[in-house]
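A.B. asks: predicted structure and sequence below. I'll ask about it afterward.
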Amino acid sequence: MEETRKPARKPRAATAPKPAAKKVATAKKAATAKATARKPASTESRPAVTAPSATGREDMVRTAAYFRAERRGFAPGYEWEDWLAAEAEVSALAGSRPAPKPRKASARKPKAG
């Protein structure tokens, strides 16, 4: 077993002290490195929340409205309230407003001026 053991390291020679100017530059680099250090891994692992597409948002609203109606026992007459509450819930979760509907082009010709 003695043959597989690594030889002991030799001690390093003492180095000359650094000049004062280098110490100041090194301290500035260390302070800059601390200021620009990366955030902890716990915050980086969070997925970015993006707004769903128009069809995806509508599917989410439809599902949420269904579950609201189910909790009510599917009593008739509350469909609009369920839908609007589901839209508000999805908007709060996604952090966005509902997507605006595209405008239709005007059928009138522009005035000659």
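C.D. replies: Thanks, I have the structure now. Residues are numbered from 1 along each chain as shown.
A.B. asks: for the longest helix along the chain, buried residues please.
C.D. replies: Under DSSP state H, the helix in the chain containing the largest number of residues is helix 54-72. Taking 16 or more other CB atoms under 10 Å as the basis for neighbour counts, the residues of helix 54-72 that come out buried are 57, 60-61, 64-65, 68-69. Glycine gets a C-beta too; all of them are placed from N, C-alpha and C.
A.B. asks: JSON lines for those, including distance to residue 109?
C.D. replies: Shown next, in JSON lines, are the buried residues of helix 54-72 (distance: CB to CB, whole Å):
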{"residue": "57", "distance to residue 109": "36"}
{"residue": "60", "distance to residue 109": "41"}
{"residue": "61", "distance to residue 109": "38"}
{"residue": "64", "distance to residue 109": "44"}
{"residue": "65", "distance to residue 109": "42"}
{"residue": "68", "distance to residue 109": "47"}
{"residue": "69", "distance to residue 109": "47"}
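A.B. asks: with respect to residue 108, which of those is nearest?
C.D. replies: When the buried residues of helix 54-72 are compared for distance to residue 108 (CB to CB), residue 57 wins out at 32.6 Å.
A.B. asks: show me where pLDDT drops low in this protein?
C.D. replies: Per-residue confidence for the chain (pLDDT under 70) gives these ranges: 1-3, 6-7, 11-49, 96-103, 105-107, 110, 113.
A.B. asks: what's the farthest-apart pair in the buried residues of helix 54-72?
C.D. replies: Among the buried residues of helix 54-72, the pair separated by the greatest distance (CB to CB) is 57 and 69, which sit 18.7 Å apart.
A.B. asks: tell me the helix or strand right after the longest helix of the chain.
C.D. replies: Sequence-wise, the next helix or strand beyond helix 54-72 is helix 79-94, with elements assigned using DSSP states H and E.
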